[in-house]
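*Asks:* Predicted model follows, preceded by the sequence.
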Amino acid sequence: MPSFSKKSLNPQPAEPARRLDAAAIARTAIANPYMSAGGAAFLLLLTIVTMIAVGGDPKAGQPSVRISLARVAGPLAPPGWREALAPERAGDPLVSEAVFQLSPTPLEPQWNGGGEAVITLPGQSASFAAGDPLPTAPIAGLSGPGPSGPLPIIGADGRTPFEGYARPFTPNGRPKVSLIIGGLGLNAKATRQAIEGLAPEITLSFVPYAEGLQGWIDLARAHGHEVLLEAPMEPTDYPDNDPGPYTLMTTAPAAETVKKLEWVLSRATGYFGVTNYLGSRFMTSDPALAGFTAALSARGLAFIDDGQAARRAGGLPRASADRIVDNQLSEAAVDQQLAALETSAQQHGQALGSGFAYPVTLTQVARWSESVEQRGYQLTPASALATRR
């Protein structure tokens, strides 16, 4: 910082005016640090204005600099980079299916170490901590080509997608309490709230019709959530209540049921099993449900229902919800059902609840999950309650 003497700050007697030549003015300016900095700033500003004037659009009202983004990005830019430059719209975040394509060379899973549970991947073993992401899908050897996209398969070593994509779990002896939140993928705000705001032990269930489905599943697994895929099934009030064009119908031939189911399964990878969406009529039909569970079993998947098929077997990993926690949409009602879920776990050693991604459900479940283990329970992924039957 420049210093000034007392003498230089005092006013001086007026002197006769005299002419200074250009060299003297320049020497004076250079000697003054403020004038030097100001001059440099002026030259920089002048250079920028000149560049803009040269590169500007002569037809435009204001000068502008044009840079070819295609040339800057180059051929190695990821898909969707142009769309990412567009201004964000107000409201829910956009999800583009083109951005969330399956990688032909998925990244190896990263492990932070710690924790108690241990999983084994092909050719390696690693520790799994509570906050770690799950392995990136697809896991090698657990999917194969299908008519509409990749389909889950049992690996050559006998490993199933159920085993590969389920969240690792080690019991600690406390009553186990599990919860599935479904209906995800259609509402971006609710889906992101469930993925980022709920405990990773809570299982998330996705609608197969959702755009950008693989991206949502990838994000869920990156936050530690295991994932189910929802199979739309015929309800008793069909067609007044229509779950969509790929609804599994009670009277359909077995081949048609398998064809529709394969479309659902080909929508993404990374799920350990399937759950029902509606299905009050479909799940009362022995032939229809038997064909459905046989197809799932052949692909190494689990079937977890909302309680409507509690007494059904199928020869594959199975679990049924003990109660739906949000039949009534109020904070008090959801809290009451969550408390009843804990009571059931205390009585039977474990309990499984099911809910939908309603705003009140997401809010109350997030609060509940923060303290449930302090009350003596173990928050458990739904896959850990599935048993072969």
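*Replies:* Now that the structure is in, tell me what you want to look at. Numbers count the residues shown, from 1 in each chain.

*Asks:* Show me which residues of the helix or strand encompassing D218 are buried.
*Replies:* According to DSSP states H and E, D218 maps onto helix 213-222. For helix 213-222, a neighbour-count test (16 or more other CB atoms under 10 Å) marks L213, Q214, G215, W216, I217, D218, L219, A220, R221 as buried. Yep, even glycine has a C-beta here, placed from its N, CA and C like the rest.

*Asks:* of all those, which comes closest to S285?
*Replies:* For those, the closest approach to S285 (CB to CB) belongs to L213, at 27.9 Å.

*Asks:* Just give me the neighbour total for the nearest residue to that closest one once chain neighbours are set aside.
*Replies:* Using CB to CB, 6 or more residues apart in numbering and skipping residues adjacent in sequence, the residue nearest L213 is A268, 4.6 Å away. Number of residues near A268 (other CB atoms under 10 Å) recorded here: 26.

*Asks:* just D326 next, same as before
*Replies:* Residues near D326, counting by other CB under 10 Å: 22.

*Asks:* residues contacting it?
*Replies:* Each residue near D326 by CB atoms under 8 Å, 6 or more residues apart in numbering is listed here: A333, V334, Q337, G355, F356, Y358, V360, T361.

*Asks:* ok, the third one to R388 distance?
*Replies:* If I follow you right, that is Q337. 28 Å (CB to CB, to the nearest Å).

*Asks:* Of these two, which one has the most company?
*Replies:* A side-by-side neighbour count of Q337 and R388, using other CB under 10 Å, places Q337 first with 20 against 12.

*Asks:* how many other residues sit next to the nearest residue to V227 once chain neighbours are set aside?
*Replies:* If the residues on either side of it in the chain are set aside, V227 comes closest to Y271, at 4.5 Å by CB to CB, 6+ apart. Using other CB under 10 Å, Y271 has 28 other residues around it.

*Asks:* Over to T251?
*Replies:* 11.

*Asks:* mind listing what it touches?
*Replies:* Per CB under 8 Å, 6+ apart, neighbours of T251: A288.

*Asks:* Against P287, how distant is it?
*Replies:* 9 Å.

*Asks:* which stretches of this structure aren't confidently modelled?
*Replies:* Flagging of the chain using pLDDT under 70 yields the residue ranges 1-127.

*Asks:* what about the longest strand in it?
*Replies:* strand 176-184 (DSSP state E).

*Asks:* just to revisit the earlier point, from the contacts of D326, which land in helices?
*Replies:* A333, V334, Q337, V360, T361 (DSSP state H).

*Asks:* mind listing the strands for this protein?
*Replies:* Under DSSP E, the chain gives strands at 117-121, 124-128, 143-145, 150-152, 176-184, 203-206, 227-233, 273-278, 302-305, 317-320, 323-324, 350-356, 378-379, 387-388.

*Asks:* I'd like to know which of these is closest to G197.
*Replies:* Short answer: strand 176-184, nearest of the strands of the chain by CB to CB, at 10.5 Å.

*Asks:* which strands and helices sit next to the closest one?
*Replies:* helix 188-197, strand 203-206, strand 227-233, strand 273-278, helix 331-348, strand 350-356, helix 359-371, strand 378-379 (3 or more CB pairs under 8 Å, 6 or more residues apart in numbering; DSSP states H and E).

*Asks:* circling back: for the ones in helices among the contacts of D326, give me JSON lines that also has distance to P381.
*Replies:* Converted to JSON lines, the ones in helices among the contacts of D326 look like this (distance: CB to CB, whole Å):
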{"residue": "A333", "distance to P381": "25"}
{"residue": "V334", "distance to P381": "21"}
{"residue": "Q337", "distance to P381": "20"}
{"residue": "V360", "distance to P381": "23"}
{"residue": "T361", "distance to P381": "18"}
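
*Asks:* and which of those is nearest G155?
*Replies:* T361 (35.8 Å).

*Asks:* hang on, that closest one packs against N327?
*Replies:* No: counting by CB atoms under 8 Å, T361 stays clear of N327, with 10.6 Å between them.

*Asks:* Between those two, which has more neighbouring residues?
*Replies:* Neighbours were counted for T361 and for N327 using other CB under 10 Å; T361 has more, 24 against 11.

*Asks:* Please report how far that one lies from L289.
*Replies:* Relative to L289, T361 is positioned 27 Å away (CB to CB).

*Asks:* What residues sit buried inside stretch 288-302?
*Replies:* For stretch 288-302, burial by neighbour count (16+ other CB under 10 Å) applies to A288, L289, G291, F292, T293, A295, L296, S297, R299, G300, L301, A302.

*Asks:* Pick out the most distant pair among these.
*Replies:* A288 and G300 (21.2 Å).

*Asks:* before we move on, back to that, tell me the most buried of the strands of the chain?
*Replies:* strand 203-206 (a mean of 28; mean count of other CB atoms under 10 Å).

*Asks:* Show me what that one is in contact with.
*Replies:* With CB under 8 Å, 6+ apart as the criterion, strand 203-206 contacts 167, 178-185, 194-195, 198, 213, 216-217, 220, 225-230, 268, 271, 275, 381-383.

*Asks:* so T247 touches P232, yeah?
*Replies:* Yes: using CB under 8 Å, T247 is in contact with P232, at 4.6 Å.
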